[in-house]
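Chemist: quick one, what's the 3D model for this:
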Amino acid sequence: MKLSANFSLSELTKSETAIRKGIDNSADKIVIENLQALVDNILQPVRDKFGSVRVTSGYRSPLLNSSIGGSKVSQHCYGFAADFEVTGMDNRELAIWIRDNLKFTQLILEFYTEGDPNSGWVHCAYDAQNLKQQVLTATKVDGKTKYVTGIQ
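Modeler: Reported below is the predicted structural model:
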C-alpha cells in the first residue's frame, strides 16, 4: 500500500527484529491513519526537500517495542513516529531544518556525535492533536539515555 509517491506502508512497518523473532508487526486502520499523517507532514516534505530518506524504525507493535527495550509510552507504537536519516546529510542539520520548517509533536536528535555527520539519527513524531514542537537531544551518559532540551 502506497502512503505517498515515495513511501509505502511496508517500509514503515518492516522490522528485521520482528522477522527474526517471529513477531507480527502489522498495522491496524488507526495506526495506518497515523502513519499517513506522519508521511504527509514529516517524511514526504523531508524527501521533497532533500531526496532519499531511509526509515530505520517506523511502526512498532507493542510486543516488538518491548522486545527491543523501547519506551513503554513510545510514539512508534501508535504510528506517530519514525527514526530516519537522509542519505549524505548531517543528522544535526536535518534536525535543525525540521525544527525550523515543519510542525511536529516531538523531534529528537538521537546519539549524534559532533564532527561525525553519519552518527545518530533523527526521531520525529507527528500527532495532529498534539503539535507541541518539543525538541530534544538524546545522548548516552553512564550507559543511560539522557535527554536535554533543544538541539545540542
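Chemist: Arg92 versus Lys14, what's the distance?
Modeler: Going from Lys14 to Arg92 by C-beta to C-beta, to the nearest Å gives 26 Å. In this view, the C-beta of every residue, glycine as well, is placed from N, C-alpha and C.
Chemist: who's more crowded, these two?
Modeler: Under the neighbour definition other C-beta atoms under 10 Å, Lys14 and Arg92 were set side by side, and Arg92 has more, 20 against 15.
Chemist: for the residue lying closest to the more buried one once chain neighbours are set aside, give me its contacts.
Modeler: Using C-beta to C-beta, 6 or more residues apart in numbering and skipping residues adjacent in sequence, the residue nearest Arg92 is Tyr112, 5.5 Å away. Residues counted as contacts of Tyr112 (C-beta atoms under 8 Å, 6 or more residues apart in numbering) are Asn91, Arg92, Ala95, Ser119, Gly120, Thr137.
Chemist: now do Phe7
Modeler: Contacts of Phe7 by C-beta under 8 Å, 6+ apart are Val39, Leu43, Gln44, Arg47, Val53, Val55.
Chemist: I'd like to know which of those are buried.
Modeler: Buried members of the contacts of Phe7, scored by 16 or more other C-beta atoms under 10 Å, are Val39, Leu43, Gln44, Arg47, Val53, Val55.
Chemist: per-residue confidence for the fifth one?
Modeler: At Val53, the model reports a pLDDT of 97.
Chemist: kindly report the same for the second one.
Modeler: We have a pLDDT of 98 for Leu43.
Chemist: that one contacts Phe84, doesn't it?
Modeler: Yes: using C-beta atoms under 8 Å, Leu43 is in contact with Phe84, at 7.0 Å.
Chemist: please enumerate the shared neighbours of the two.
Modeler: The contact lists of Leu43 and Phe84 share Val53, Val55, where a contact means C-beta under 8 Å, 6+ apart.
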